[in-house]
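Enquirer: Need a 3D model of the sequence below.
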Amino acid sequence: MEDYKGIAIELATGVDYSAGAVVSKTILDKKTGTLTLFAFDKGQGLSEHTAPYDATVQVVDGIAELTVGGEPYVVKAGQLFIMPANVPHSLRAVERFKMLLIMIR
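Expert: Next comes the predicted model:
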């Protein structure tokens, strides 16, 4: 894993799209939390799951639909969305979509 400390990271170009795929790059992985940059091709997503901690999504590019506790939410570039701990959630890219996932334990 690269050491990103002490450098500016361009989130929009920090991970590339790949046709029909989800691409991720770990920016920081510590005992106290993680920062992971994701790129989703249109129609790609993450199946329903839960996390033991709040999960914060910083939308970098595109549009996605998050479903949290059975309720759908549309998010777009420039928005921040906090998903509560222990509540089932999933994600689907409405169009190509990039996000920074912030998990603080």
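Enquirer: which ones are touching residue 18?
Expert: Counting by C-beta atoms under 8 Å, 6 or more residues apart in numbering, residue 18 touches 39, 41. Where you see a C-beta, it was placed from the backbone N, CA and C, and this is true even at glycine.
Enquirer: Does residue 26 touch residue 33 like I think?
Expert: No. With contact defined as C-beta atoms under 8 Å, residue 26 and residue 33 do not form a contacting pair (11.6 Å).
Enquirer: Show me the shaky parts of the chain.
Expert: 1 (pLDDT under 70).
Enquirer: can you give me the strands in it?
Expert: 22-30, 33-40, 45-49, 55-68, 71-76, 80-83, 89-104 (DSSP state E).
Enquirer: Relative to the third one, what are the paired strands and their orientations?
Expert: What it means is strand 45-49. Strand pairing for strand 45-49, determined by DSSP bridges: strand 89-104 (antiparallel).
Enquirer: what does the fourth one give?
Expert: Sheet pairing of strand 55-68 (DSSP bridges) gives strand 71-76 (antiparallel), strand 80-83 (antiparallel), strand 89-104 (antiparallel).
Enquirer: got the angle for the last one vs strand 22-30?
Expert: If I follow you right, that is strand 89-104. With axes from the mean of the first three to the mean of the last three C-alpha atoms, to 10 degrees applied, the angle from strand 89-104 to strand 22-30 works out at 30 degrees.
Enquirer: List the buried residues of strand 89-104.
Expert: For strand 89-104, a neighbour-count test (16 or more other C-beta atoms under 10 Å) marks 89, 91-94, 96-103 as buried.
Enquirer: How about the first one?
Expert: The neighbour-count criterion (16+ other C-beta under 10 Å) identifies residue 75 as the buried residues of strand 71-76.
Enquirer: Contacts for it next, please.
Expert: Applying C-beta under 8 Å, 6+ apart, the contact partners of strand 71-76 are 57, 59, 62-67, 81, 94.
Enquirer: Considering those residues, which possesses the most neighbours?
Expert: residue 64 (27 neighbours; other C-beta atoms under 10 Å).
Enquirer: ok, that residue touching residue 97?
Expert: Yes. When contacts are counted by C-beta under 8 Å, residue 64 is listed as touching residue 97 (4.4 Å).
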